[in-house]
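Colleague: please work out how this folds:
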Amino acid sequence: MMRTTKRTGTVASLVATSVIAGACAIALAPAPSHHTSAPRAAARAALFRASVPSPPGRPVAVGGNGRATLRWTAPAHANGSPIYAYLVWPYSGGHKGKARQFLSKKTTAVITGLANGHKYAFRVAARNSVGIGPQSATSAPVLVGSPTPARWRPSSSAPISWNWQLQGNVPTSPGVKVFDIDGFDNSAATVAALHAHGTKVICYIDVGTSENFRSDFAKFPASVEGATNGWPGERWLDIRQLKVLEPIMIARMRMCAQRHFDALEPDNIDGYTNDTGFPLTAQEQFTYNTWIANTAHSLGLSVGLKNDNDQTAQLAPYFDWALDEQCNQYSECGTENVFVRAHKAVFNAEYQGGTGFCSSDDAEHINGALFSLDLDGSTYQPCKGNW
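Modeller: Numbers count the residues shown, from 1 in each chain. Reported below is the predicted structural model:
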């Protein structure tokens with residue numbers, strides 16, 4: 001629709017954009033005039049190109065006493081107008097609750113006033129000056145009224161003895177405070193035996209490549225597999241296809257939780273810096289990595305940031321600790337300072353030379369150790385950790 005009004009020597013057109021998701025944007029567009037500056041004209045023209053935001057990432061919920069805490073990732077596209085609010089809809093027993101609006105750009109919210117003993121799922125939508133965008137996918141349901149036990153959060157304030165073994169027979173009395181082992185190859189009984197010695201146990205799973213030797217390999221369609229990453233039987237995954245990968249990765253993380261691991265080590269979460277066969281971007285990797293972290297937390301697991309040194313500062317708030325490989329060899333240890341300053345532990349594995357790097361790791365409050373590249377237990381020389 002269109003109507004024309006007159007204003008003191010200026011003709012203006014009142015244009016209403018199409019209704020999108022129940023919202024309508026109206027703007028005055030001046031007729032071409034030699035009095036209109038190019039920047040002003042461009043700014044007004046941009047209003048007509050704006051639309052509602054794309055949907056946010058699927059939220060992850062953690063139940064509490066009469067409440068649920070939600071995290072989600074921001075929409076991939078604001079579509080020409082900044083996001084200034086989010087709306088959250090609770091669902092319980094097939095019924096849709098009233099939307100709660102949060103006037104903030106933050107991608108987290110606490111939903112209160114929920115009934116204990118009931119399961120809730122949630123959807124989120126973003127809002128800009130044009131209107132409300134489409135809703136996200138529905139979160140996994142959570143039970144309200146049973147607060148999640150506090151997860152493990154290792155601190156950088158004191159050294160932590162640790163070991164890392166992904167192949168071979170895992171010793172159940174390793175003599176360390178933290179042991180990182182393969183999630184598929186080790187049972188709940190092994191985890192329990194390690195717990196009996198006071199050891200926190202980390203569950204290693206691969207979230208960035210397919211592995212043709214895993215029991216769930218058939219679940220990966222060929223469309224998400226890219227180039228090899230150099231390890232036998234492994235191919236990079238197209239992390240943009242979250243709808244395909246999400247159920248596979250949730251099942252893997254649930255396996256870790258069901259076997260009573262304390263924490264998650266998600267491997268190969270820096271595909272965008274490698275030749276994956278896909279045009280992955282840093283933002284797409286950030287979206288995937290934060291989804292991994294939020295989902296692990298929803299299952300009560302602590303989670304570590306594995307490498308991805310180029311995004312350490314942005315990702316540190318989402319992760320509980322960090323695991324780096326060869327940060328001395330590649331002069332990248334400084335990127336982990338953001339974790340140390342936040343009192344979050346950092347673990348570093350080196351694979352060549354001796355333990356000359358230990359003095360540097362100790363000075364940076366990094367828990368360093370020398371391992372064999374195969375992580376088969378054949379080489380293990382931990383730093384003394386003097387700080």
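Colleague: secondary structure class for D324?
Modeller: Judged by DSSP: H, G, I helix; E, B strand; the rest coil, the three-state class of D324 is strand.
Colleague: quick check, pLDDT for it.
Modeller: What the model reports for D324 is a pLDDT of 98.
Colleague: same question for A68.
Modeller: At A68, pLDDT is 92.
Colleague: and it, that's in a helix?
Modeller: No. Applying three-state DSSP, one finds A68 to be strand, outside a helix.
Colleague: next, count neighbours for it.
Modeller: 23 (other CB atoms under 10 Å). All C-beta spots, glycine's among them, are computed from the backbone N, C-alpha and C.
Colleague: with the one 3 residues further on instead?
Modeller: Neighbourhood size, R71 [other CB under 10 Å]: 23.
Colleague: and the one 4 residues further on, by the same measure?
Modeller: For P75, the tally of surrounding residues (other CB under 10 Å) stands at 23.
Colleague: correct me, but it touches P134?
Modeller: No. In this structure P75 lies outside contact range of P134 using CB atoms under 8 Å: 9.2 Å.
Colleague: who touches both of those two?
Modeller: S54, P55 (CB atoms under 8 Å, 6 or more residues apart in numbering).
Colleague: which ones are touching R67?
Modeller: V110, I111, T112, G113, L114, V144.
Colleague: if you set the cut-off to 10 Å instead, what comes out?
Modeller: R67 makes contact with V110, I111, T112, G113, L114, N116, Y120, V144, G145, P147, according to CB atoms under 10 Å, 6 or more residues apart in numbering.
Colleague: tell me the centre residue of this protein?
Modeller: T290 (1.1 Å; CA atoms, centre = their mean).
Colleague: export the helix or strand where that one lies as CSV, just CAs?
Modeller: Per DSSP states H and E: T290 is located in helix 282-298. Output of helix 282-298 as CSV, limited to C-alpha atoms (Å, rounded to 0.1, in the frame of the first residue of the first chain):
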residue,chain,number,x,y,z
ALA,A,282,35.4,-18.6,12.2
GLN,A,283,31.9,-17.6,13.1
GLU,A,284,30.5,-21.0,12.0
GLN,A,285,33.2,-22.7,14.2
PHE,A,286,32.3,-20.4,17.1
THR,A,287,28.6,-21.4,16.8
TYR,A,288,29.4,-25.1,16.7
ASN,A,289,31.9,-24.9,19.6
THR,A,290,29.6,-22.9,21.9
TRP,A,291,26.8,-25.4,21.1
ILE,A,292,29.1,-28.3,22.1
ALA,A,293,29.9,-26.4,25.4
ASN,A,294,26.3,-25.6,26.2
THR,A,295,25.1,-29.1,25.5
ALA,A,296,27.9,-30.7,27.6
HIS,A,297,26.9,-28.4,30.5
SER,A,298,23.2,-29.3,30.2
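Colleague: among the contacts of R67, which two are most distant?
Modeller: G113 and P147 (16.3 Å; CB to CB).
Colleague: circling back to that earlier point, with distance to E284, secondary structure and pLDDT added, can I get the contacts of R67 in JSON lines?
Modeller: Rendered in JSON lines, the data for these read as follows (distance: CB to CB, whole Å; DSSP: H, G, I helix; E, B strand; the rest coil; pLDDT from 0 to 100):
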{"residue": "V110", "distance to E284": "28", "secondary structure": "strand", "pLDDT": "95"}
{"residue": "I111", "distance to E284": "28", "secondary structure": "strand", "pLDDT": "96"}
{"residue": "T112", "distance to E284": "33", "secondary structure": "strand", "pLDDT": "94"}
{"residue": "G113", "distance to E284": "35", "secondary structure": "coil", "pLDDT": "94"}
{"residue": "L114", "distance to E284": "33", "secondary structure": "coil", "pLDDT": "94"}
{"residue": "N116", "distance to E284": "38", "secondary structure": "coil", "pLDDT": "88"}
{"residue": "Y120", "distance to E284": "29", "secondary structure": "strand", "pLDDT": "95"}
{"residue": "V144", "distance to E284": "33", "secondary structure": "coil", "pLDDT": "89"}
{"residue": "G145", "distance to E284": "36", "secondary structure": "coil", "pLDDT": "85"}
{"residue": "P147", "distance to E284": "33", "secondary structure": "coil", "pLDDT": "58"}
